[in-house]
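>>> Have a look at this prediction, sequence included:
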Amino acid sequence: MVSLSLLSLIAGLAIAAPEAQHCRCRPHEECWPSHQEWSNLNDTIHGNLVAVRPVASVCHGSEFDESACKAVTDQWHDSRWRAAQPGAVQWENWESWAEHDQTCYIESKNDTKCGQGRVSLYSAKVQTAEDIQKAVNFARTNNLRLAIRNSGHDYIGRSTAPESLQIFTNGMKDITFVDDFMPAGAPKGKNEGHAVTIAAGVNLAELYQAAGEKKRTVQGGASHTVGAAGGYIQAGGHSPFGTRGGMASDNALEFQVVTASGTLVIANEYQNIDLFWALRGGGGGTFGVVVNVTVRTLPEVPVVVSSLNITTSLGDDQFWDAVSEYHGALPELNDAGGSGFYFGYPIWPANATTEVSAMTSFLLFAGYTNTSAVDKLYAPLRSKLHKLTGVTVQYDTFALPSVNSTLQRKWGGEGGDSTGGVAAIISRLYSKDLLKSKNGPDRLVKAWRRLRYDSGDSFRGHAVGGGAVTTNAKKIDSAVNPAWRKALTHLVISRAWKTNATVESQHAMIKNATDIEIPLIRSVEGEDQMGAYGNEAHPYEPGFQQSFWGHNYPRLYQIKQKWDPEGLFIARIGVGSEDWDDAGLCLKK
Ligand SMILES: Cc1cc2nc3c(=O)[nH]c(=O)nc-3n(C[C@H](O)[C@H](O)[C@H](O)COP(=O)(O)OP(=O)(O)OC[C@H]3O[C@@H](n4cnc5c(N)ncnc54)[C@H](O)[C@@H]3O)c2cc1C
Ligand SMILES: *[C@@H]1O[C@H](CO)[C@@H](O)[C@H](O)[C@H]1NC(C)=O
Ligand SMILES: *[C@@H]1O[C@H](CO)[C@@H](O)[C@H](O)[C@H]1NC(C)=O
Ligand SMILES: *[C@@H]1O[C@H](CO)[C@@H](O)[C@H](O)[C@H]1NC(C)=O
Ligand SMILES: *[C@@H]1O[C@H](CO)[C@@H](O)[C@H](O)[C@H]1NC(C)=O
Ligand SMILES: *[C@@H]1O[C@H](CO)[C@@H](O)[C@H](O)[C@H]1NC(C)=O
Ligand SMILES: *[C@@H]1O[C@H](CO)[C@@H](O)[C@H](O)[C@H]1NC(C)=O
Ligand SMILES: *[C@@H]1O[C@H](CO)[C@@H](O)[C@H](O)[C@H]1NC(C)=O
Ligand SMILES: *[C@@H]1O[C@H](CO)[C@@H](O)[C@H](O)[C@H]1NC(C)=O
Ligand SMILES: *[C@@H]1O[C@H](CO)[C@@H](O)[C@H](O)[C@H]1NC(C)=O
């Protein structure tokens, strides 16, 4: 009797123990799965479980291997290679856990130890929905920290997690086109027409190639290796053809998802509607593991490409006047269908001896064949720039036969994106109304001019709002940041440190970004008026809930609690992450 009640007392205490209840199981703890248990998981996923070390481990300490290290060094900046490595992501800083002094930078001396950092300890290289279910169930049952990893492009640390099991989706490459998609459970007559189903690991270059062959187009971004079905579309996904087709997520028709309970579900307009709403903008890594997504395809159209370059002598005020004129002209160009990118270099080393101030822009006009029609649209801007005597303008337009040929020129084929360094950016969305207002462009330029620029630094403008991005507000109710519907441009600047920066200096840069620079660029339209795009934002964005999701946040938080009450899927500064510590290892309080 005594021993029984003692036992139940002990059992009761064990359940109440804060360690066990509020933290994920960690490798040094008894709860950590045994070798046999890992091996069993491996068997159930057909031998596709790997133990992972950071890719640069072969360049350090006792793991040093000269030829392996050379191979890693040679491929360091190749985003295709990085995408395929469970022991890497695209940006080195998210492989490291600086606060715990765990880094494995290739730049650091080879006699320094390679720390595991935020790189997962095990990777389940999943091929099917069943593999994903096995890995999800294993993580839940064993109370493990879980990371979902596709291309690893994430800017805010959502695709790595310390001491975690990784679900590596990048190898899932199926692409299936259909002429008349019928969402599961849709009533008769609710066919959606041409669509494509993209498995979790398909990247943009692969999708563009496949769509080109079918003479169809898909709303996608400006990159080779960003994942079409992963974090990109789940946080919205902007496109250089945004005016034509809206956000990538506006075109999503159905998701197949493994949820935290390990169940495979379909989310569309007719079933699991709340999940469907959240997956279109609520952010990757948060609501479940997407197995595949079906998106609408659009017919091919011709494109006119416009290119405008502005140059002044270094530091000439007229550079900023020209940047302001450009922003003032954007609403009209955008209303006519123009969307695309621009890059401003206040200090640009034109050659070994001369620095200048320069901006280069290219906007795409889908559906146009006539370059002179586009030239006519640019005439007012060009005449204003002409009056700025210190400004040299280069301008050109040319016609291309298709969206496919336009995308293939820049983001198709076998090329990759250059990655591998440290990435930390700050960003802001700006409305069309701001740019149309009398002093709006000047206010914008005044703020961005006050940021620090070193030689070669650029502000990067994404004029990807307007058009269908705006009009889709009436058709589509989704979790995407409502600010996108009013936005015309999304401005970004890098605020990264060197890999050898001390933790203190990293924190100083982060503090300057959050306390000085973000408030500055946010003040242009008033605090929290527009916010930021979660896929391209600062990793310590203040008030990220409001910034990334505006009034959608409370509903997103509720949906998160419903589908993942235990927080199995926690992504850094994602929905519900505020309840956890920065590493997602322990519940706060
Ligand atoms: C060179 C470059 C160009 C870019 N261009 C654009 C652009 O034109 N437009 C744009 O909108 N953005 C662009 N981005 C930003 C891009 O959208 C984000 O980096 C995005 O997070 C990438 O998603 P991913 O799945 O490829 O990356 P990952 O880092 O692998 O994943 C990102 C997030 O999604 C989650 N995730 C991935 N796969 C799944 C899945 N199957 N199920 C559930 N969660 C998943 C991860 O857990 C993580 O939280 C660009 C980024 C770079 C580096
Ligand atoms: C999983 O199984 C495969 C094939 O048997 C093996 O090569 C691999 O090393 C195993 N992974 C782990 C983590 O043991
Ligand atoms: C470090 O690199 C040098 C050559 O660059 C090599 O001689 C040395 O053996 C390496 N150190 C370790 C620990 O392997
Ligand atoms: C999408 O994934 C589900 C679940 O694995 C699968 O049944 C379906 O066939 C996939 N769709 C396509 C078109 O591949
Ligand atoms: C799409 O572009 C690629 C690369 O330029 C080309 O090989 C392919 O033929 C194009 N497809 C169509 C239908 O034009
Ligand atoms: C360097 O660039 C400047 C500005 O474009 C130009 O005037 C100069 O001739 C160039 N010098 C050389 C050596 O190319
Ligand atoms: C091209 O556009 C211009 C200006 O809008 C117009 O005058 C001209 O007729 C158009 N040409 C063709 C071939 O459509
Ligand atoms: C503008 O500059 C870019 C980058 O240098 C270049 O590719 C483009 O051809 C230039 N455009 C014009 C019209 O000269
Ligand atoms: C903080 O940011 C401002 C604006 O970019 C810059 O001028 C300043 O040098 C920065 N300060 C520090 C300490 O980095
Ligand atoms: C860090 O590396 C850079 C070169 O990338 C070098 O100029 C700088 O002195 C180094 N700083 C420290 C603190 O080692």
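Structure's in. What do you need? Ligands and ions are numbered 1, 2, ... in the order given.
>>> Return the residues of the stretch 251-400 of the chain in contact with ligand 6.
Ala350, Asn351, Thr353, Thr354, Val356 (C-beta under 6 Å from any ligand atom). Heads up, the C-betas are built off the backbone N, CA and C, glycines and all.
>>> where does the last one fall, phi/psi-wise?
Spelled out, it's Val356. With angles defined as degrees, to the nearest 10, Val356 sits at phi -130, psi 180.
>>> Likewise for the third one?
Recorded main-chain torsions at Thr353 are phi -110, psi -20, according to degrees, to the nearest 10.
>>> Give the burial count for it, as a bare number.
A count of neighbours around Thr353, defined by other C-beta atoms under 10 Å, yields 6.
>>> Begin at 47, not 1, for the rest of this chat.
With 47 as the first residue, the last one maps to Thr399.
>>> mind checking how far the closest residue to ligand 9 within the stretch 197-346 of the chain is from Ala559?
Ligand 9 sits closest to Tyr201 of the stretch 197-346 of the chain, with a gap of 18.7 Å, by C-beta to the nearest ligand atom. Here the criterion is C-beta to C-beta, to the nearest Å. By it, Tyr201 lies 13 Å from Ala559.
>>> Please enumerate the shared neighbours of the two.
Shared contacts of Tyr201 and Ala559 (C-beta atoms under 8 Å, 6 or more residues apart in numbering): Ala470.
>>> CA-only coordinates of the longest helix along the chain in PDB, if you can.
Taking DSSP state H as the criterion, the chain has its longest helix at helix 363-381. Taking C-alpha atoms only, helix 363-381 is exported to PDB below (Å, rounded to 0.1, in the frame of the first residue of the first chain):
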ATOM      1  CA  ASP A 363      22.100  65.400 -54.300                       C
ATOM      2  CA  GLN A 364      20.600  64.900 -57.700                       C
ATOM      3  CA  PHE A 365      21.000  61.200 -57.300                       C
ATOM      4  CA  TRP A 366      18.400  61.200 -54.500                       C
ATOM      5  CA  ASP A 367      16.300  63.700 -56.500                       C
ATOM      6  CA  ALA A 368      16.300  61.200 -59.300                       C
ATOM      7  CA  VAL A 369      15.400  58.300 -57.000                       C
ATOM      8  CA  SER A 370      12.500  60.400 -55.700                       C
ATOM      9  CA  GLU A 371      11.300  61.100 -59.300                       C
ATOM     10  CA  TYR A 372      11.500  57.400 -60.100                       C
ATOM     11  CA  HIS A 373       9.400  56.500 -57.100                       C
ATOM     12  CA  GLY A 374       6.900  59.200 -58.000                       C
ATOM     13  CA  ALA A 375       6.600  57.700 -61.500                       C
ATOM     14  CA  LEU A 376       6.100  54.100 -60.200                       C
ATOM     15  CA  PRO A 377       2.400  54.300 -59.600                       C
ATOM     16  CA  GLU A 378       1.600  55.100 -63.200                       C
ATOM     17  CA  LEU A 379       4.000  52.600 -64.600                       C
ATOM     18  CA  ASN A 380       2.500  50.000 -62.200                       C
ATOM     19  CA  ASP A 381      -1.100  50.900 -63.100                       C
END
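>>> so what strands line up beside the following helix or strand past it?
Next helix or strand after helix 363-381 toward the C-terminus (DSSP states H and E): strand 384-395. Using DSSP bridges, the strands paired with strand 384-395 are strand 401-412 (antiparallel), strand 505-509 (antiparallel).
>>> Contacts only, for Ile471.
Contacts of Ile471 (C-beta under 8 Å, 6+ apart): Tyr201, Val538, Ile539, Ser540, Arg541, Ala542, Glu582, Ala583, His584.
>>> What of Asn338?
Asn338 makes contact with Met218, Asp220, Thr243, Ile244, Ala245, Ala246, Ala275, Phe301, Gln302, according to C-beta under 8 Å, 6+ apart.
>>> repeat for Arg455
By C-beta under 8 Å, 6+ apart, the contact list for Arg455 reads Leu446.
>>> so it sits in a strand?
No. Arg455: not assigned to a strand; according to DSSP: H, G, I helix; E, B strand; the rest coil it is helix.
>>> For Ser387, which non-adjacent residue is closest in space?
For the record, residue 387 is Phe, not Ser. In this structure, Phe387 finds its nearest non-sequential neighbour in His508, 5.8 Å apart by C-beta to C-beta, 6 or more residues apart in numbering.
>>> still on that earlier bit, filter the contacts of Asn338 down to the buried ones, PyMOL style.
Here is the PyMOL command that selects the buried residues among the contacts of Asn338 (16 or more other C-beta atoms under 10 Å):
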select buried, resi 218+243+244+245+246+275+301+302
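>>> Using JSON lines, lay out the contacts of Asn338 together with secondary structure.
Output for the contacts of Asn338, formatted as JSON lines (three-state DSSP):
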{"residue": "Met218", "secondary structure": "coil"}
{"residue": "Asp220", "secondary structure": "coil"}
{"residue": "Thr243", "secondary structure": "strand"}
{"residue": "Ile244", "secondary structure": "strand"}
{"residue": "Ala245", "secondary structure": "strand"}
{"residue": "Ala246", "secondary structure": "coil"}
{"residue": "Ala275", "secondary structure": "coil"}
{"residue": "Phe301", "secondary structure": "strand"}
{"residue": "Gln302", "secondary structure": "strand"}
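>>> burial measure for Leu633, as a count.
If you count neighbours by other C-beta under 10 Å, Leu633 ends up with 16.
>>> and it, bridged to which residues?
Beta-bridge pairing of Leu633 under DSSP bridges involves Trp626.
>>> isn't it right up against Gly613?
Yes. Between Leu633 and Gly613 there is a contact under C-beta atoms under 8 Å: 7.4 Å.
>>> what touches both of the two?
Asp625, Trp626.
>>> picking that back up, out of the contacts of Asn338, flag the one nearest to Tyr391.
Distance to Tyr391 across those (C-beta to C-beta) is lowest for Ala275, with 34.0 Å.
>>> in the chain, what spans have low per-residue confidence?
47-67 (pLDDT under 70).
>>> Show me what from it comes close to ligand 2.
By C-beta under 6 Å from any ligand atom, the part of the chain that sits against ligand 2 consists of Trp84, Asn88, Gly93, Leu95, Val96, Ala97.
>>> Quick one: buried ones out of these?
Neighbour-count burial (16+ other C-beta under 10 Å) applied to the residues of the chain next to ligand 2 gives Trp84, Asn88, Leu95, Val96.
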